[in-house]
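Asker: here's my sequence, what's the structure:
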Amino acid sequence: MLRLHYNLEKLSMGMVAAIIVAASIGGIVEIAPLFKIDETVTIPDDMRPHTPLELAGREIYIREGCYACHSQMVRSLADELDRYGPYSLAAESAYDHPMLWGSKRTGPDLARLGEKYSDAWHSAHLINPRDVVPASIMPSYPWLEQSLDTRLLSAQLGTLARLGVPYSSEMVEAAVADAQAQSRPDSDGVDAVLERYGEDVAVRAFDGDPSRLTEMDALVAYLQSLGTLTNAAYEILAEGETE
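Answerer: Model prediction:
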């Protein structure tokens with residue numbers, strides 16, 4: 001076998017052909033299951049898409065490169081289950097474009113972060129992480145207190161709807177109004193947000209100031225939604241504990 005490999009290395013075109021064959025086999029093994037994805041991934045009945053405000057926060061999360069240091073996928077390992085909670089299900093990312101599973105954990109995994117800390121904690125942590133975690137090496141993001149640009153929200157929901165995310169035409173048209181209402185608990189549009197996205201959606205001034213809509217509102221709303229879009233993972237965990 002070693003002699004065959006040695007002889008192959010002396011033939012450049014043969015080596016190229018062997019690399020192509022090996023890469024093709026690996027690619028087929030990885031890609032083939034995707035053709036059956038609709039049959040293998042069942043979206044839970046209680047799964048909801050992100051609200052416009054949460055979606056805006058997700059875009060900020062991507063813009064600031066948060067995915068480079070934080071994963072959003074709990075593996076089925078005992079130490080991860082003890083620290084983060086139920087392992088992640090593929091169905092939980094069914095509406096994510098792109099998915100943000102990540103592979104590097106300079107910071108902790110965020111898949112189950114929702115409602116683990118208060119909004120005030122998140123705001124303080126984002127403005128200056130060392131105020132709440134003295135040993136943190138996370139950068140500061142004080143500019144998140146600027147006003148949120150909502151001009152593209154309806155277009156973003158419309159694009160996701162074309163990709164299969166269950167946003168109705170009504171949701172698309174009301175995207176800006178819903179984003180504003182979600183951060184203003186005393187506004188007239190709150191009932192409409194809850195009707196469109198469910199009674200469990202968090203409606204509050206995420207940055208502590210209901211008088212203005214900021215990027216902090218959006219990002220904190222997104223972080224508080226992580227792991228809360230469906231209870232499927234917790235139900236599977238509960239079933240396993242009772243067996």
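
Asker: state the distance from the residue nearest in space to the middle of the chain to residue 230.
Answerer: The centre of the chain sits closest to residue 100, judged by C-alpha atoms, centre = their mean, with a distance of 5.4 Å. Distance, residue 100 to residue 230, by C-beta to C-beta, to the nearest Å: 16 Å. (C-beta placed from N, C-alpha, C; glycine too.)

Asker: go on, residue 146?
Answerer: On the measure of C-beta to C-beta, residue 146 and residue 230 end up 32 Å apart.

Asker: those two: who's more crowded?
Answerer: The neighbour comparison of residue 146 against residue 230 (other C-beta atoms under 10 Å) goes to residue 230, with 18 against 11.

Asker: hang on, the more buried one in a strand?
Answerer: No. Applying DSSP: H, G, I helix; E, B strand; the rest coil, one finds residue 230 to be coil, outside a strand.

Asker: show me the contacts for it.
Answerer: 44, 46, 47, 48, 91, 92 (C-beta atoms under 8 Å, 6 or more residues apart in numbering).

Asker: how confident was the prediction at residue 5?
Answerer: At residue 5, the predicted lDDT confidence score is 67.

Asker: contacts only, for residue 117.
Answerer: Contacts of residue 117 by C-beta under 8 Å, 6+ apart are residue 125.

Asker: all helices of this protein, in order?
Answerer: Counting by DSSP state H, the chain has helices at residues 2-10, 12-31, 37-40, 52-63, 78-84, 119-127, 153-162, 169-173, 175-182, 190-197, 215-225, 232-242.

Asker: hang on, the earlier thing: closest one to residue 171 out of the contacts of residue 230, please.
Answerer: The shortest gap between residue 171 and any of the contacts of residue 230 belongs to residue 48, at 11.0 Å (C-beta to C-beta).

Asker: distance of that closest one from residue 130?
Answerer: Counting by C-beta to C-beta, the gap from residue 48 to residue 130 is 35 Å.

Asker: who's more crowded, those two?
Answerer: The neighbour comparison of residue 48 against residue 130 (other C-beta under 10 Å) goes to residue 48, with 18 against 12.
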